[in-house]
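**Student:** Fold the following.
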Amino acid sequence: MNHNDRIEETIRSIYHTFEHPGAHPVDAGLGAIDTWIAALDGLGGSALMGIQSQLRTLRTHVERDDRPAIAASLQQLGQDTSLAARDLHGETGDHLRHLGQTLVIAAGNLKVS
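**Tutor:** Below you'll find the predicted structure:
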């Protein structure tokens, strides 16, 4: 699976989680986080390392079901993802910007739920 497909799958998964909160087990979310950590491994760059670190933090919060911390982590990931996509053009940049927005929206939804 290429990165654009993985990004779109992640976006669909985030929306599905909020549309069907009881249908998305924690294990599936942890698996998705682990997949992204592995996908970013070795790509280098301080922005990607920061995102990878934040994904590890998010994983810990999900394991503990710490909703305020999950929301804060999603917010930070959305901002970091959008920043990383800032200078990217074409389909990948568009997908990353959409993912960044989706993560920020997810954080807001989680804060009010």
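
**Student:** who's in contact with the lengthiest helix in the chain?
**Tutor:** Among the segments of the chain that qualify as a helix by DSSP state H, the longest is helix 90-112. Residues outside helix 90-112 that contact it (CB atoms under 8 Å, 6 or more residues apart in numbering) are 3-4, 7-8, 10-11, 14-15, 17-18, 67-68, 70-75, 77-85, 87-88. The C-beta positions use only the backbone N, C-alpha and C, and glycine is treated the same way.

**Student:** which parts of it are buried?
**Tutor:** 95-100, 102-107, 109-110 (16 or more other CB atoms under 10 Å).

**Student:** For this structure, just list every one of the helices.
**Tutor:** 3-19, 26-40, 46-64, 67-85, 90-112.

**Student:** Going by mean pLDDT, which of those comes out lowest?
**Tutor:** Sorting these by mean pLDDT places helix 3-19 lowest, at a mean of 79.

**Student:** What are the buried residues along it?
**Tutor:** Arg6, Ile7, Thr10, Ile11, Ile14, Thr17.

**Student:** residues contacting the second one?
**Tutor:** Taking CB under 8 Å, 6+ apart, we find Ile7 in contact with His95, Leu96, His98, Leu99.

**Student:** That one and Asp66, how far apart?
**Tutor:** For Ile7, the distance to Asp66 (CB to CB, to the nearest Å) stands at 25 Å.

**Student:** cool, the last one as well?
**Tutor:** Separation of Thr17 from Asp66 (CB to CB) stands at 16 Å.

**Student:** rewinding a little: just the closest of the buried residues of helix 90-112 to His61, please.
**Tutor:** Leu110 (10.6 Å; CB to CB).

**Student:** where does the closest one sit relative to Thr10, distance-wise?
**Tutor:** Taking CB to CB, one finds Leu110 at 16 Å from Thr10.

**Student:** Tell me which residues touch Thr60, please.
**Tutor:** So Thr60 contacts nothing (CB under 8 Å, 6+ apart).

**Student:** ditto for Asn4
**Tutor:** So Asn4 contacts Glu91, Thr92, His95 (CB under 8 Å, 6+ apart).

**Student:** What is the nearest of the residues you listed to Leu55?
**Tutor:** Within the contacts of Asn4, the smallest distance to Leu55 is 17.1 Å, found for His95 (CB to CB).
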